[in-house]
Every structure is written in C-alpha cells, then in structure tokens.
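**Q** Have a look; sequence and predicted model below, questions after that.
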Amino acid sequence: MSVITYREAVSQALKEALDEDERTFLIGEDIGPYGGAFAVTKGFWDEYGKRRIKDSPLSESAFTGAGIGAAMAGLRPIVELMTINFSLLAADQIVNHAAKIRYMSNGQFTAPLIVRTVTGGGAGVASTHSQCFEGWYASVPGLQVVVPSTPRDVLGLFRSCRDLEDPVLFVEHILLYGTRGEVPDTSEKIPIGLADVKRSGNDISIISYSRMVQVSEAAAELLSQDGIDAEVIDLRCLRPLDIPTLVESAKKTHNVLVVEEAPQLGGFAGEIVANVQQEAFDYLDAPVGRIAGEEVPIPYSYPLEQMSIPDPERVAQAARNILER
C-alpha cells in the first residue's frame, strides 16, 4: 500500500489512461502548459504533447461536443470541465447527446467518454463556483455519475469507468484534492454502482457521498464519545445507485440519516430517503433523517459559507435527535 493525495490519485488515473490506451486524449481549459486549474495535469503537456493534451477555448459546449464526437468515432476522450458550475454551458451536449446516443441510434453508436469536473463549496470562491449539481445529472438515464471520496476510490473507480461504453460524469470535490489515503500497489478496479461501508456500526446508518463522507466520519467519532456506534456508508456512485447495501444497513441499525452538501429542496438525498423508507420501513425505529446545505446561494464570506454547509457537529446532533425519538 502507498499513501498519496486525492490530487495525485486523479493524476495517476489520467496517466494510466494515456499510457495504456493510445485512443485516449485529454481536452479542457488550462490543462496544457498551465497544468490544470487544480494542478492535476501538471507536467502532462511536456510528457504527452499537444496531440494528447488539448488546451481548449473557453467554450464548454464546444469542447464537450468535440469530445462526444471523438468518442463516437472510436476514441476515448477525457473531457475536463473546470467546475460543475460550468457544466451548465455543456448540459445540452451531456444530457441530450452523450447520454442518449446509444439509445437513439439503436446501438449503432456509443459515446464512451469520461467528463471530469469539480463540485462543492468551502473554498471561498462564491456562489457561482461552489454548487453541487451531480444530483441533477444522476436523474439522466444513459449517464453514469461517479463521486469518489478517497484516493483509493478515485483510482479504482476511474479504471472501471474506462471499461464502459457509455458516458461517465466523474465528479471530484474541490476540498478533497489535498486529502491523503492508502491505495493498493496493484491495479485494483472498483465496480461501478457498489457503495462502500467506510465505518461499521450498529446504532445508526449515516449515508453520504463525496466530501460529506469525511464529515460523516468525523460525526461518527463525535457520536462514539456518547457511546453511539454509527455506521458510515459512502455511495461512491449516484447512478447506478446501490440500494441493496443501504437497505441492508438500515435493517441492521434500524435508524438512518442521509447527509448531502447540496440544498435539501430537490436534493439527491430525497431519492435515498424514499428508497430506504420503501424497502426497509418495517425495520426503522424512526423516520429517515436528512441533513443538507442551507437554502441559500453559497456566500463568499468564509464564516457564512461554513454555516451553509453541513459540519460534523450538525450531523452528530441530527443523529442524536433520531435516536431520541
């Protein structure tokens, strides 16, 4: 096992794709000589050249469309959208084209591309750079939506994404890049659509994804000081969604809390709550709880921004409230 950062895991995953498949190229804004907005592609331009590393114009729709066309023609492009906020400018390409090409062509064409992007708040970059739209894209049949929370999951899931014939939205949280974790020295693949029990427990199941997994694990530590044994489950993928793992955990602990960074109204957490209530209702001791971001645009002010995003104390208190019912 080796210990690397989340950023290093993303870089390693990209290098593996470029080294192992000559059909693969990267395209996106500032990924060339600049090395990427988050330094993920630092040094790639010198190592692979402009044929494999394509600096794009400031036009998300254009270069995402170029990636889709290249995928339809037999290549394996990896498109980088600087943040998921900017994916709105490429939403037509992603939703109405990439996701539907296989179905609408009756399998004559596929679009096997990976669209990498960055989600989440907490970095002090204000409302239009701090949103979480991955739940929106999870509602689109034909897309795979992957949300890794650890370096190991980044590598294992990315390797599996490369085997797919359908488009993948690979979503990385802005605050996870500097986090560290163990990764196997082997080329491990993690199946798409399989949730992971990050911490086993018996009293309450805390279900989350992306950076909220870390927040949930910190909350579980706080709860342990009160003698509460919390189980933490990382979804890892929003589409496909691993309902059986969530239901199995709910049947064991009899209490469930879902944690999400996006605002509650219309949030993806509602889908999880509905499925758990439907499949495990008779096992629950209380209604499924839900913690989400505040119903406000993300503030630029750092103290206000922190108040708008779930933190360990808030999650832990919500868990206590469920157990007291």
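**A** That came through fine. Numbering: from 1, shown residues only.
**Q** roughly how far out does stretch 217-229 sit from the chain middle?
**A** Computed by CA atoms, centre = their mean, to the nearest Å, the separation of stretch 217-229 from the middle of its chain amounts to 25 Å.
**Q** residue boundaries of the helices in the stretch 1-150 of the chain?
**A** Using DSSP state H, counting those that start in this stretch, the helices of the stretch 1-150 of the chain run over 6-20, 44-48, 60-72, 91, 101-104, 134-137.
**Q** tell me the most buried of those helices?
**A** Of the helices of the stretch 1-150 of the chain, the one with the most neighbours on average (mean count of other CB atoms under 10 Å) is helix 134-137, at a mean of 23. Glycine gets a C-beta too; all of them are placed from N, C-alpha and C.
**Q** Which strands or helices does that helix pack on?
**A** Helix 134-137 is packed against strand 168-173, strand 237-239, with contacts defined by 3 or more CB pairs under 8 Å, 6 or more residues apart in numbering; DSSP states H and E.
**Q** on that earlier part again, now mean pLDDT and distance to Q306 too, for the helices of the stretch 1-150 of the chain, in TSV please.
**A** Listed next are the helices of the stretch 1-150 of the chain as TSV, based on pLDDT from 0 to 100; distance: least, CB to CB, whole Å:
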stretch	mean pLDDT	distance to Q306
helix 6-20	98	21
helix 44-48	97	34
helix 60-72	98	29
helix 91	98	29
helix 101-104	97	42
helix 134-137	98	21
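**Q** Relative to F170, which of these is closest?
**A** Closest approach to F170 among the helices of the stretch 1-150 of the chain (CB to CB): helix 6-20, 8.9 Å.
**Q** Contacts for the closest one, please.
**A** In this structure, residues lying in contact with helix 6-20 by CB atoms under 8 Å, 6 or more residues apart in numbering are 4, 24-26, 38-42, 44, 48, 52, 76, 78, 116, 150-152, 154-155, 158-159, 162, 172, 176-181, 183, 187.
**Q** Of the residues you listed, just the buried ones, ChimeraX syntax please.
**A** Paste this into ChimeraX to select the buried members of the contacts of helix 6-20, with burial taken from 16 or more other CB atoms under 10 Å:
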select :4,24,25,26,38,40,41,44,48,76,78,116,150,151,152,154,155,158,159,162,172,176,177,179,181,183
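**Q** among the contacts of helix 6-20, which are in strands?
**A** Residues of the contacts of helix 6-20 located in strands (DSSP state E): I4, T24, F25, L26, R76, I78, R116, E172, R180, G181, V183.
**Q** quick one: contacts for the third one?
**A** So that's F25. Residues in contact with F25 (CB under 8 Å, 6+ apart) are L18, R51, R52, I53, K54, A70, L75, R76, P77, I78.
**Q** Mind putting those residues into CSV with distance to Q278?
**A** Below are these laid out as CSV (distance: CB to CB, whole Å):
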residue, distance to Q278
L18, 43
R51, 51
R52, 47
I53, 46
K54, 45
A70, 41
L75, 42
R76, 38
P77, 38
I78, 37
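**Q** So which of the helices and strands packed on helix 134-137 is the most surrounded?
**A** Neighbour counts (mean count of other CB under 10 Å) averaged over each of the helices and strands packed on helix 134-137 peak at strand 168-173, with a mean of 26.
**Q** partners of that strand, with directions?
**A** Here strand 168-173 is paired, per DSSP bridges, with strand 114-119 (parallel), strand 144-146 (parallel).
**Q** Dump those strands to a markdown table, plus mean pLDDT and distance to G266.
**A** Shown next, in a markdown table, are those (pLDDT from 0 to 100; distance: least, CB to CB, whole Å):
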| stretch | mean pLDDT | distance to G266 |
| --- | --- | --- |
| strand 114-119 | 98 | 16 |
| strand 144-146 | 98 | 16 |
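**Q** Switch those over to JSON lines; also include distance to Q214.
**A** Formatted as JSON lines, the strands paired with strand 168-173 follow (distance: least, CB to CB, whole Å):
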{"stretch": "strand 114-119", "distance to Q214": "14"}
{"stretch": "strand 144-146", "distance to Q214": "17"}
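**Q** With that, I have no additional questions.
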